[in-house]
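Trainee: Fold the following, please.
(2 chains)
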Amino acid sequence: MTKVFTVDARAILTLGRESIKDHTTALVELVKNSYDADATKVEVEIYVNGPQPYIRIADNGSGMTERQVETNWLRIGYSEKKNERLSKLNRRKTGEKGIGRLSADRLGSLLELRTKAAGKTYGLEINWEQFSQEGQDLNKILLEEISRPAVNLPRLIKGQASKTGTELIIRILRQTWTVTDIESLSRELSMLVSPFKRLKDFQIILNTDVAEGYSGRIESDFQEQAYITLDAKFDGVVNVNYTVTIRSDKGGRKQEKKQEPLSQFIPSNIIQTSKRKKAEDEASDGARLSCGPVHLILLFFPQKSELFDLSQLRKFLDNNAGVRIYRDNIRVKPYGDPKEVEGDWLKLGATFAANPAGARRKSANIRPKQLVGTVFIGRDANEQLVDSSSREGLVHGDAFNDLRRFVLRCVREVAIYHHEIYVKENPEAKSNVVEKVKDLSVRLSDIREGLRSISPMLVRTAEEAAEETIENIEIALDAIKDTVTSLSELENQAAIYRGLASIGIASAVFGHEIQAPISGIPGFIILAKDLLGTDPPQIDEAIEELEKALEDADKISGWGKFALLRIRRDKRRPKKENIEKLTLDIIEELRPTLDALNIDLKLKTEPLDGKILPMNFESVLINLITNASTACRQVKRSRHIKVNVKKKTDRGVRGVEIVVSDSGPGVAAGNIERIWEALFTTKTEDNPGTGLGLTIVNDVVEEMRGTRKVDRDPDLQGARFTIWLPLQ
Amino acid sequence: MPAIGIIDDESRYRDTDVRNLNIQGNLPKGWRAIGVSPFPTLGDYPSWIAENEIAVLLVDQELGRQSSSADGHVHYKGHDLVKSLRQRNKTLPMYFYTNYGSEKPVTQRVTDVEGIIDKKVFRRNRADWVKRITRKGKEYFNSVKEQLAQLNDLSLKIAKGEATKEDRQNAKAIQINLELPLTTEAFNDRSEWLTRYEEKVSEFEALRKDIEAYLKQNSQKKKR
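Mentor: Here you go, the predicted structure:
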């Protein structure tokens, strides 16, 4: 014999009224149901001061037919959200347990459900008190249908009447509503709407007589709360204007406005693109974006408890994280949808997973969940961005890829700002190991002195313990002293390796200029031989060829001399150096190679002496020149390098400033910090770079507590590197 | 007279190579060597190749190191040039002539060329390499000469109105192969050409009459 479960009617109360935290939560659950039903507008009314207080929640969502009410709404535990996690508008459905609708019981005893779908209206009245009777089976409680129900639904975005939707009216309210309740409700509802005021794809209108100041369209204030906001506009042709707003922990705001030509914002040699596009870009001397004008707003929310209520932030980000595209203020799906494969169209998740470095690293990436963004485009203004034939999304051709390039570049800008703020707020992140160890040594010495001073005042047993502690500290100090010595030795060794690496890098970059004479000399000599063998011998021509051979032999030996001089013993220890002579020697050694590449180098120096590790100085100068020569060859204009070495005092310290400028493409703003990272290179297969030269420069600068800067040279139009190193 | 063409931006080495090859006895009889700096665009090469009867081409890879003209340095490399030329001419013998034969862009285009010649090796073993490349060049040059002679015969036939459909097709194929402008399709036969000629003459005749009438009318008005 078989048995079945039966359900007591009171189960409804357990699942509904008794499990919902408070009436605000209950109301928010009902609004979420409207969101899941693809409503574009929800009207919430709370009127408690009249003779018949009521709550009304009405939406212009999909509505329900009588059959759907019976099989879905009235079926406890049924949730279509379990099987269909996304609505027809691709909204991530918010509830799955199939009991959200029971929230109505938490709000009041009587519920009128009126719903319209498929051209028909259906209504049902529920008296929740019927379910509190003891011993009643749930399925024995009959619910009254509303005869010919009139339903009042919110209008659609463009003002026309909605043909579908649901209206709930709740009466005999269980609790009073206070101003605090309305304030809390308003805040909770604001988590559901977009932070971008011009977007209207989901609006909530609240009307209440409890606190009329809260009546009106629910708006989110998260746009103002963002830690970093980037508002960028590309005019579709040449210029990018952007404003970065940074919110401080103390509540203030700092704003920076910038304008850059597109070719600098996104240089064509940086971003991977199709060969055809690359050819077009090269023909026009810089990047072009075929997507048309774009307006983009990015809001960045790191998990900082001092800035945000983290639980509220999580709720907000659950509904709003992602970078969405709106065309003429209508959402273009699926871009920005969290669970759709195509939703993360910028591949922020994959990028972050490949490099999850924190903000202390220059290469840090942004997590998709930290970013709320909107891209505004128009059908007419951006006619190259066409709909895909599958009716979802856009065609992923050149125009879409260009749009992606632009947005990614803006995301990169936000990441850079985040890193820079982090480093400013955490200066110890930049100290080197030796400094940290020295600092530790000083602190331990202080402790030792402190103990010594109190030792005579201690009772005998404590004094012995103090003496033992002092002894241990002294042992630790000796160990630290040895460590500092070892670290200093390591630093010296590192300087030598950098010097060697610099030679290697220069060889890799200028290698062809050495290979050419090596293979050319035999040609000159063989020709000279043949010329002397003719009848009559062509002596003058033969001499000409032999002179060419000698010139090339000088080039080869010059390169050998260059390499050997770099690693001489006297370069490996800090000593008083004639900085001007060091500079002149290097330039003289590199000049033949630069001449072979038609690179004109102009040098400006002045007499300057100082104590420095020569290898460090040379590593910086050689790598900057090597980098400059590669840059010059990336553009069509004539090739120039300017070098200026002069004395400069910085923060009261005497030092040397090295400025190297080139006529290359310059450094894109988004790469200004990345260029110093190991293996980051903007060079291409045709003009390869090692990605190590500027890393070496950066290491030297950091070790020597120097400074570095890169900007655009106003005359040569390429990059200008300014390095300052202290002279001891 | 068939020629070995050398494309290299470094004139010091290029001029020496050319001079070396042109010394009496270093090339087969009737051959010469000619060198040139890279042209501003890829489209400039076919006419130079045709005018100078280049039968085999040696192409340096790094063409942008030195500039030789007001246009400055070129931004294409040897492999770009080889690809461009091969699209237009399937049979011209070409070699990479470089110090960096193992570089990826060069090796990726190896099927477009007869081989990769290391400059150092070429200079030291000039005689062997000359034999090899001029043999390839001779095959090509003779084939071109033969096709030109064929084209000449076919053109005469077309002009006399004696060409068959097959003759016209063969003529077109040769012109395409040799990258010559297509001229044989302008008229299907002589009679059509004559008819169109006569139509043009009639048009001119009508125009002449109109002009005469107009002038007569004007002069009568003036008299009044």
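Trainee: Not counting sequence-adjacent ones, nearest residue to B:V113?
Mentor: In space, not counting the residues next to it along the chain, B:V113 is nearest to B:M94; the distance is 4.8 Å by Cβ to Cβ, 6 or more residues apart in numbering or on different chains. For every residue, glycine as well, the C-beta is placed using N, CA and C.
Trainee: Tell me which residues touch that neighbour, please.
Mentor: Neighbour list for B:M94: B:56-59, B:82, B:85-86, B:112-114 [criterion: Cβ atoms under 8 Å, 6 or more residues apart in numbering or on different chains].
Trainee: hey, where'd the strands end up in the stretch 151-300 of chain A?
Mentor: For the stretch 151-300 of chain A, applying DSSP state E, counting those that start in this stretch gives strands covering A:165-173, A:203-208, A:216-217, A:228-234, A:239-247, A:253-261, A:294-300.
Trainee: quick one: the strands in the stretch 501-650 of chain A?
Mentor: Assigned by DSSP E, counting those that start in this stretch, the strands in the stretch 501-650 of chain A fall at A:575-578, A:599-604, A:609-612, A:639-650.
Trainee: Looking at these, spot the one closest to A:I421.
Mentor: strand A:639-650 (23.5 Å; Cβ to Cβ).
Trainee: report the angle between the axes of the closest one and strand A:599-604?
Mentor: Interaxial angle of strand A:639-650 relative to strand A:599-604 (axes from the mean of the first three to the mean of the last three Cα atoms, to 10 degrees): 20 degrees.
Trainee: Tell me which other helices or strands strand A:639-650 touches.
Mentor: On a contact count with 3 or more Cβ pairs under 8 Å, 6 or more residues apart in numbering or on different chains; DSSP states H and E, strand A:639-650 meets helix A:579-596, strand A:599-604, helix A:614-632, strand A:653-662, strand A:719-726.
Trainee: which bits of chain B sit near chain A?
Mentor: B:10, B:12-13, B:16-17, B:19-20, B:23-24, B:26, B:62, B:64-67, B:72-73, B:75, B:77, B:99-100, B:104-105, B:118-120, B:123-124, B:126 (Cβ under 8 Å from any Cβ of the partner chain).
Trainee: Can you classify residue 116 by secondary structure?
Mentor: You didn't say which chain, so I picked chain A. Following DSSP: H, G, I helix; E, B strand; the rest coil, we place A:K116 in the strand state.
Trainee: My question was about chain B, not that one.
Mentor: strand.
Trainee: hang on, A:Y497 is in a helix, isn't it?
Mentor: Yes. Assessed with three-state DSSP, A:Y497 lies in a helix.
Trainee: hang on, the earlier thing: determine which stretch of the strands of the stretch 501-650 of chain A is the most buried.
Mentor: Highest mean neighbour count of the strands of the stretch 501-650 of chain A: strand A:639-650, a mean of 19 (counted as mean count of other Cβ atoms under 10 Å in any protein chain shown).
Trainee: For that one, what is the distance to the chain centroid?
Mentor: How far strand A:639-650 lies from its chain's middle: 34 Å, per Cα atoms, centre = their mean, to the nearest Å.
Trainee: Who does that strand pair with, and is each partner parallel or antiparallel?
Mentor: Sheet pairing for strand A:639-650, assigned by DSSP bridges, gives strand A:599-604 (parallel), strand A:653-662 (antiparallel).
Trainee: Residue 3: neighbour count?
Mentor: You didn't say which chain, so I picked chain A. Residues lying near A:K3 (other Cβ atoms under 10 Å in any protein chain shown) number 5.
Trainee: please go with chain B instead
Mentor: When neighbours are counted by other Cβ under 10 Å, B:A3 registers 21.
Trainee: I'd like the strands paired with strand A:639-650 as a markdown table, with mean pLDDT and distance to A:C632 appended.
Mentor: Putting the strands paired with strand A:639-650 into a markdown table (pLDDT from 0 to 100; distance: least, Cβ to Cβ, whole Å) gives the following:
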| stretch | mean pLDDT | distance to A:C632 |
| --- | --- | --- |
| strand A:599-604 | 95 | 5 |
| strand A:653-662 | 96 | 5 |
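Trainee: out of these, nearest to A:V332?
Mentor: Taking the strands paired with strand A:639-650 one by one with Cβ to Cβ, strand A:653-662 is closest: 42.1 Å.
Trainee: After that closest one, heading C-terminal, what element do we hit next?
Mentor: Later in the chain than strand A:653-662, the nearest helix or strand by DSSP states H and E is helix A:693-703.
Trainee: Dump stretch A:157-168 to CSV, keeping only the CA atoms.
Mentor: Presented in CSV, the C-alpha positions along stretch A:157-168 are these (Å, rounded to 0.1, in the frame of the first residue of the first chain):
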residue,chain,number,x,y,z
ILE,A,157,9.1,53.5,-21.9
LYS,A,158,7.8,55.4,-24.9
GLY,A,159,4.4,56.1,-23.2
GLN,A,160,2.2,53.6,-24.9
ALA,A,161,-0.1,51.3,-22.8
SER,A,162,1.2,48.0,-21.9
LYS,A,163,-0.6,44.8,-23.1
THR,A,164,0.9,42.6,-20.4
GLY,A,165,1.7,42.9,-16.7
THR,A,166,0.7,42.2,-13.2
GLU,A,167,-0.8,44.2,-10.4
LEU,A,168,-0.8,43.2,-6.8
